[in-house]
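Peer 1: Have a look at this prediction, sequence included:
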Amino acid sequence: MRSFIASIALGLLSLTAPAARADSPVVVELFTSQGCSACPPADALLTQLAGREDVIALALHVDYWDYIGWADTFASGQFTRRQHAYARHAGQRMVYTPQMIVGGVERVVGYEPMDVAELIAQYRVVDYPVEVSLSRVEGGIVLRAVASMALEEPGMIVQIVRYMPSEMVEIRRGENAGRTVEYSNIVTEWMRVGTWSGAEPYELQLVDDSALPIAAIVQMAGPGQILGAARLD
């Protein structure tokens, strides 16, 4: 697994420097809904993952359950489209909740904590080719990324994600009517800020006065393999 990223990209990459392992947290995306009766155990698992320093755990609430009587208060059509894009990239036609995507590649449908734990352990020892950092400066945030590889074309997507650390929701209708559920790392904004080949270091300064945590994710287009990530609480 330590050369996993390099091997899947073979033929696309021309190395500009010896590969070096960047110290990147593992990105875990949970596609969930307040209207899905099978989702609360997965939401609780994400809350556990959110406390880990070596994981960036992100909850993306989809809107395709809203029709059954409870409109998810965090749902966005953007997150539904992201889940569909993952499915298309994998040659799949259906999407489900709950679903976790680990590292931009591995798909876990339903509540499977042992599978998720095993995948996180595997991705902790992957050779990440992109080192990402976030730092606060006066009036904003600076994102920097340095790659140990370069693509022939700008095929890496640089993304900024903002999220709320925690929120309790009393659900009054739908499949989870009467339940109060704790949600963690609730994504409020997922923004594509650039494309990048990796040939030169990437730097971007963002005007930011939000108190919300922020993450930066560099990912192959598709969406595909996550090549490096960082967060700033």
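Peer 2: Alright, I've got the coordinates.

Peer 1: how far is the longest helix belonging to the chain from where the chain is centred?
Peer 2: In the chain, taking DSSP state H as the definition, the longest helix is helix 77-89. Put simply, helix 77-89 sits 12 Å off its chain's centre (CA atoms, centre = their mean, to the nearest Å).

Peer 1: again, but for stretch 190-204
Peer 2: Centre-to-centre, stretch 190-204 and its host chain are 16 Å apart (CA atoms, centre = their mean).

Peer 1: So which bits of that stretch are buried?
Peer 2: Buried residues in stretch 190-204, counting neighbours by 16 or more other CB atoms under 10 Å, are found at Trp190, Trp196, Ser197, Gly198, Tyr202. Bear in mind the C-beta positions are built from the backbone N, C-alpha and C, glycine included.

Peer 1: do stretch 60-79 as well
Peer 2: Here stretch 60-79 shows 60-66, 70, 72, 74-76, 79 as buried, counting by 16+ other CB under 10 Å.

Peer 1: Going by secondary structure, the residue of the chain most remote from its centre is in what exactly?
Peer 2: The outermost residue of the chain relative to its centre, with distances by CA atoms, centre = their mean, is Gly178 at 29.7 Å. For Gly178, there is no enclosing helix or strand under DSSP states H and E.

Peer 1: wait, what's in contact with it?
Peer 2: The neighbourhood of Gly178, defined by CB atoms under 8 Å, 6 or more residues apart in numbering, consists of Ile171, Arg172.

Peer 1: Quick check: of the buried residues of stretch 190-204, which lies closest to Pro25?
Peer 2: Of all those, Trp190 has the smallest distance to Pro25: 16.8 Å, by CB to CB.

Peer 1: For stretch 93-105, give the mean pLDDT please.
Peer 2: Stretch 93-105 carries an average pLDDT of 96.

Peer 1: Counting by contacts, list what the top strand by length along the chain packs against.
Peer 2: Looking across the chain with DSSP state E, the single longest strand is strand 180-196. Applying 3 or more CB pairs under 8 Å, 6 or more residues apart in numbering; DSSP states H and E, one finds that strand 180-196 makes contact with helix 40-50, strand 55-61, helix 77-89, strand 140-147, strand 156-170, strand 202-207.

Peer 1: okay, the angle between the longest one and strand 202-207?
Peer 2: So the one you mean is strand 156-170. Angle of strand 156-170 versus strand 202-207, following axes from the mean of the first three to the mean of the last three CA atoms, to 10 degrees, is 40 degrees.

Peer 1: can you pull the alpha-carbon coordinates of strand 156-170 into CSV?
Peer 2: The C-alpha trace of strand 156-170 is given here as CSV (Å, rounded to 0.1, in the frame of the first residue of the first chain):
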residue,chain,number,x,y,z
MET,A,156,-5.2,18.0,-9.7
ILE,A,157,-8.1,19.9,-8.1
VAL,A,158,-7.4,22.2,-5.1
GLN,A,159,-10.4,22.5,-2.8
ILE,A,160,-11.3,24.4,0.3
VAL,A,161,-13.8,23.0,2.8
ARG,A,162,-15.5,24.8,5.7
TYR,A,163,-17.4,22.9,8.3
MET,A,164,-19.2,23.2,11.6
PRO,A,165,-17.7,21.1,14.4
SER,A,166,-20.9,19.9,16.0
GLU,A,167,-24.7,20.4,16.1
MET,A,168,-27.6,18.7,17.8
VAL,A,169,-30.7,18.3,15.7
GLU,A,170,-34.2,17.4,16.9
